[in-house]
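Asker: After the sequence you'll find the predicted model.
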Amino acid sequence: MVTIESTPEMAAKVYETMERNLAIVRRRLGRPLTLADKVLLGHLDDPEHQEMEPGKSYLLLRPDRVVLQDVLGQTAMLQFMQTRRLRVAVPTTIHCDHLIQARVEGQVDLRESLAENQEVYDFLRSAAAKYGAGFWGPGAGIIHQVVLEQYAFPGALIIGTDSHTPNAGGLGACAVGVGGADAVEVMAGLPWEVLYPRHIAVYLTGKLSGWTAAKDVILYVAGQLTVAGGTNAIVEYIGPGARTISATGKATITNMGAELGATTSMFPSDDRMAMYLRATGRGDLVPLAERYPHLLAPDKEVEANPEKYYERVVKLDLSTLEPYVVGPHSPDRARPIGKLAAEVADSKNAFLDKISTTLIGSCTNSSYEDMSRAADVAEQAKAHGLKSSVPFLVTPGSEQVRATIERDGQMQSLKDINGVVLANACGPCIGQWRRANEEAAVPNTIVTSYNRNFPRRNDGQPTTMNFIGSPEIVTAFALAGRLSFNPITDSLTGADGKAFKLAPPKSAPEVPAKNFDRGRPVYVAPPEDGSAIALQVDPRSERLQLMEPWPPWDGQDFRDMPVLLKAKGKTTTDHISPAGSWLRYRGHLDKFSDNMFMGATNAYTGEAGKGKNVLTGETGQVISTVARYYKSKGVKWVVIGDANYGEGSSREHAALSLRLLGGAAVIVRSFARIHESNLKKQGLLALTFQNPADYDRIREDDRLSLIGLAAMAPGKPVECLVKHADGTTETLRLSHSFSASQLEWFRKGSALNLFHGK
């Protein structure tokens, strides 16, 4: 039976394997190694024969752990059932964090969630027990915080079915967000395949002070690298400044590195990580990490001369960094807070100064240190008789954090200024926010300490503009109630009518003096033998649906395919496969797929979620309805997309729904990493225009044929014949990143079909 916990024995085995593999890698490469190289290549399945060219080679790796959240965990377990394996091959845990909706306050919301989602929770609990996985029940906390508190350690390789899995990089792990099929293959005992990432470094000097927090580091870097700048790269934070940031501060930075499109982000092992390991009851891992420091940091030559070993180096002096605010609608729209008021005053931006709601916490910023600094600001306001002037919502990241800040008083400080404490869950950060329509249906400003701020992300409304800052800055905004407020320079008016300025929050403890309070028990360990447990899914269920293998490719070219949708501009997985109220159907693929492309902008009409049925001539139809009609007529279809298509969440359903409803290919200017992989895993062709300008050539009534698919090979372009409605034709060349083994996924119908020889 696989041991779930990160025990010293497990860590020792990881380090011994890394040591052995890296001896081979160093002999073959003959060059100094970055931190990412050490952890990734230290986990190679076959270091002697693995090709190792960054940006080109696909690495076969052996992860140490798989983590699943409850939404993608449903499809992951349903797919794992197809592999016919009896138990998971690596430590695996399921975390119930996505389905709890924010409505009133934490306890009420949790109670209602338990009642509404019981069928799903029962399935996940029994599936975990049957297959030997650990189960973290509703209320335990957000997957990334629980992993940081319980499982992550320096040098570990972790994959998780959520794009913010890189949170564990705050403890020196190489933690990567993946689609469900990737996770299932590893759970079933296969190696994990990933494109060897490029190398990017952020070289930190100085030390944070005043209002500036770890959050501001990643907000600044997002502005520098943009939402696509980290695609297929690992971002390493190195230099003397890296060692001045707490472990949870590091986690904030690596968590939000997902917004750069990065494969993951990492910090070298240091004393701050050791402190956090001890405070979370894992002090026995510290001597092991201290025994292998050469595995857990870049080689000295690399840190001394980073420009020589990294494709790009961003240099940042923490001592001069100002607090930053990013948004709205994109996490790379960044500026120092001192410049925000002028942008608000500029009418062409259409920013609303009046803030409707403020929200702090989430998986990105709910640490003990974060909550202590926010509580400091709250106490200052309380001393002047002030309370929050707008709704102020607080999301603890885990039961451990909630119990500890309740014990130590930070929670009360936040409540004293009218803060409402939500459940230990994702809530408004992922659209699980039952918000009053009168607030959200009109243009409005919210300010959060979250990580992602695409339109519709938080409350399902395109009218909401989400600006992101640190928890302490957001708390100051809550007091002022206006976006143009700058706590560094501006004053508030106390209950006595006198003006006062907030002082920068005091330096807060990284971990509690009395260590953490574990809170209520919410973990269920798997039994020694779960083989007798029966997994049953009611065929009448609206929440769960058993999955069947996809049919294999029939060997024929795809001819005369209509364009289901030509998506214009930013098309995230939230646009392709919206969450919010749809989350309840994530385990029922057919019902869930009714939302396909609901948020995507039609390039021909500018309308979201609607298009033309070219077989009937009807216009303004819901995209999924058109797709179902084409499927009913046996007509395969294609989607055309813009640049960085599929950025954002690791949402596997953004590929599964296309496969279910008859899609054959997605052709775009460029892909985000996880989504491209998800499409390939489900047997879809993920293709890019060799000339990005060819995107403009595709017309609404075109028919596209993909020619010569039987001869498709790595590095060989695919020919696309475009027939226009006026009878003219043209031929485009399409690129792809399929390896030889990935082409087998396409031919077999999906990656999982390799398990049963279909």
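Answerer: Good, I have the coordinates.
Asker: So the most centrally placed residue in the chain: helix, strand or coil?
Answerer: Note on the chain: the residue nearest the mean C-alpha position is residue 163, at 1.9 Å, using Cα atoms, centre = their mean. Three-state call for residue 163 (DSSP: H, G, I helix; E, B strand; the rest coil): coil.
Asker: Now for it: which residues touch it?
Answerer: Shown in contact with residue 163 (Cβ atoms under 8 Å, 6 or more residues apart in numbering): 177, 258, 648-650, 674. Where C-beta positions appear, they are placed from N, C-alpha and C, glycine not excepted.
Asker: Identify the farthest-apart pair in those.
Answerer: Greatest spatial distance in the contacts of residue 163: 177 and 648, 10.4 Å, computed using Cβ to Cβ.
Asker: Could you identify the helix or strand that succeeds the helix or strand bottoming out on mean pLDDT in the chain?
Answerer: Between all helices and strands in the chain, the lowest mean by mean pLDDT, DSSP states H and E belongs to helix 437-440, at a mean of 80. Moving toward the C-terminus from helix 437-440, the next helix or strand (DSSP states H and E) is strand 444-448.
Asker: Work out the gap between the helix or strand that that next one is followed by and the centre of the chain.
Answerer: As assigned by DSSP H and E, the chain's next helix or strand after strand 444-448 is strand 464-468. For strand 464-468, the separation from the chain centroid amounts to 18 Å (computed by Cα atoms, centre = their mean, to the nearest Å).
Asker: Just the C-alpha atoms of strand 464-468, please, in PDB.
Answerer: In PDB, the C-alpha atoms belonging to strand 464-468 read as follows (Å, rounded to 0.1, in the frame of the first residue of the first chain):
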ATOM      1  CA  THR A 464     -17.400  43.300 -12.600                       C
ATOM      2  CA  MET A 465     -13.900  44.800 -12.600                       C
ATOM      3  CA  ASN A 466     -11.500  42.900 -10.300                       C
ATOM      4  CA  PHE A 467      -8.300  44.700  -9.100                       C
ATOM      5  CA  ILE A 468      -5.800  42.600  -7.200                       C
END
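Asker: follow-up on the earlier one: just give me how far the least confident helix or strand of the chain sits from the chain centre.
Answerer: 27 Å.
Asker: burial count for the closest residue to residue 263 other than its chain neighbours?
Answerer: The shortest distance from residue 263 to any non-neighbouring residue, by Cβ to Cβ, 6 or more residues apart in numbering, is to residue 197 (4.4 Å). Neighbours of residue 197 under the rule other Cβ atoms under 10 Å: 24.
Asker: Tell me who's in contact with residue 197.
Answerer: Residue 197 neighbours (Cβ under 8 Å, 6+ apart): 36, 40, 54-55, 232-234, 262-264.
Asker: before we move on, what SS does residue 615 have?
Answerer: coil.
Asker: What segments of the stretch 601-750 of the chain are strands?
Answerer: 610-611, 621-622, 637-641, 663-668, 685-689, 703-707, 718-723, 729-735 (DSSP state E, counting those that start in this stretch).
Asker: Now tabulate the ones you listed in TSV and tack on distance to residue 429 and mean pLDDT.
Answerer: Formatted as TSV, the strands of the stretch 601-750 of the chain follow (distance: least, Cβ to Cβ, whole Å; pLDDT from 0 to 100):
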stretch	distance to residue 429	mean pLDDT
strand 610-611	28	97
strand 621-622	27	98
strand 637-641	25	98
strand 663-668	27	98
strand 685-689	28	98
strand 703-707	38	98
strand 718-723	38	98
strand 729-735	35	97
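Asker: want to throw those into TSV with distance to residue 453 and mean neighbour count?
Answerer: Converted to TSV, the strands of the stretch 601-750 of the chain look like this (distance: least, Cβ to Cβ, whole Å; neighbours: other Cβ atoms under 10 Å):
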stretch	distance to residue 453	mean neighbour count
strand 610-611	25	23
strand 621-622	26	16
strand 637-641	21	25
strand 663-668	23	25
strand 685-689	26	24
strand 703-707	34	19
strand 718-723	35	19
strand 729-735	31	15
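Asker: now the end-to-end length of stretch 648-664.
Answerer: End-to-end distance for stretch 648-664, by Cα to Cα, to the nearest Å: 22 Å.
Asker: Low-confidence ranges, the stretch 151-300 of the chain, go.
Answerer: Applying pLDDT under 70 to the stretch 151-300 of the chain flags no residue at all.
Asker: can you pull out the strands in it?
Answerer: Remark: strands assigned in the stretch 151-300 of the chain by DSSP E, counting those that start in this stretch are 157-160, 174-177, 192-195, 198-205, 233-238, 264-266.
Asker: In the fourth one, which residues are buried?
Answerer: Of the residues in strand 198-205, those buried by neighbour count under the rule 16 or more other Cβ atoms under 10 Å are 198-204.
Asker: now those residues as CSV including distance to residue 700?
Answerer: Listed next are the buried residues of strand 198-205 as CSV, based on distance: Cβ to Cβ, whole Å:
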residue, distance to residue 700
198, 37
199, 42
200, 39
201, 45
202, 44
203, 48
204, 49
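Asker: In contact with residue 22: list those residues for me.
Answerer: Counted by Cβ under 8 Å, 6+ apart, residue 22 has contacts 33, 38, 41-42, 47, 295.
Asker: Ok, residue 167 next?
Answerer: So residue 167 contacts 144-145, 147-148, 175, 251, 254-255, 363-364 (Cβ under 8 Å, 6+ apart).
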